[in-house]
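J.: A predicted structure for the sequence below; I have some questions about it.
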Amino acid sequence: MRKLLLVAALALILAPLSVGCSKPPQGGGDTTSGLTAADQRFLNEHVYFDFDRYNIRSDQISVLQDKVAYLNENPTVQAEIQGHADERGTEAYNLALGDRRAKAAYNYVVGQGVSGGRLATISYGEDRPLDLGDGESAWSRNRRAQFVLLGR
């Protein structure tokens with residue numbers, strides 16, 4: 001069962017990377033997946049949160065500043081900010097917490113001048129963990145806001 005969950009989680013995480021854009025990314029050089037290094041960094045650097053919190057931590061500001069810089073350098077990119085929680089708490093609570101995390105990241109990026117019309121938010125609560133393990137190490141990786149490319 002655990003292996004099945006791991007395979008399903010990996011498929012969900014990798015699915016956005018396997019979907020091509022209608023136009024190839026511009027600038028920065030192509031990679032084997034069709035994404036530039038900047039695209040991959042944008043997708044793979046997440047904003048992490050403390051337990052039961054949705055405020056932006058000071059050590060996560062640089063990650064969000066990188067998101068702002070990427071969006072400013074790629075003015076046609078549209079993105080979705082996905083909010084996530086660890087497995088503790090009820091499903092409804094974790095969905096609400098994930099929503100607040102996605103909106104906190106959204107508000108920061110929009111506050112830095114990125115048009116809110118280019119961004120969408122969604123919460124997955126505890127349903128899409130990055131780490132299927134138990135304990136604080138795994139849980140801390142799952143408490144995140146994750147950016148996904150929607151189009152160019």
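T.: On my side now, so go ahead.
J.: C-alpha only now, for contacts and for neighbours.
T.: Will do.
J.: can you show me the helices along the chain?
T.: 2-18, 37-44, 61-73, 91-111, 136-142 (DSSP state H).
J.: would you convert these into JSON lines that also reports mean neighbour count?
T.: JSON lines is the format used below for these (neighbours: other CA atoms under 10 Å):
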{"stretch": "helix 2-18", "mean neighbour count": "13"}
{"stretch": "helix 37-44", "mean neighbour count": "17"}
{"stretch": "helix 61-73", "mean neighbour count": "16"}
{"stretch": "helix 91-111", "mean neighbour count": "20"}
{"stretch": "helix 136-142", "mean neighbour count": "17"}
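J.: I'd like to know which of those is closest to Leu150.
T.: With CA to CA as the measure, helix 2-18 is the member of those nearest Leu150 (8.7 Å).
J.: who's in contact with the closest residue in space to Asp99 that isn't next to it in sequence?
T.: Once flanking residues are discounted, Asp99 sits nearest to Ser123: 4.7 Å by CA to CA, 6 or more residues apart in numbering. If you count contacts by CA atoms under 8 Å, 6 or more residues apart in numbering, Ser123 has them with Gln82, Gly83, His84, Leu95, Ala96, Gly98, Asp99, Ala102.
J.: one more time with 7 Å
T.: By CA atoms under 7 Å, 6 or more residues apart in numbering, the contact list for Ser123 reads Gln82, Gly83, His84, Leu95, Gly98, Asp99, Ala102.
J.: so the second one is in contact with Arg101, correct?
T.: Yes: taking contacts as CA atoms under 7 Å, Gly83 lies within contact range of Arg101: 5.4 Å.
J.: how much space between Glu91 and Val68?
T.: 31 Å (CA to CA, to the nearest Å).
J.: skip the chain neighbours and tell me the closest residue to Ala145.
T.: Here the nearest residue to Ala145 in space, its sequence neighbours aside, is Gly83; by CA to CA, 6+ apart that works out to 4.6 Å.
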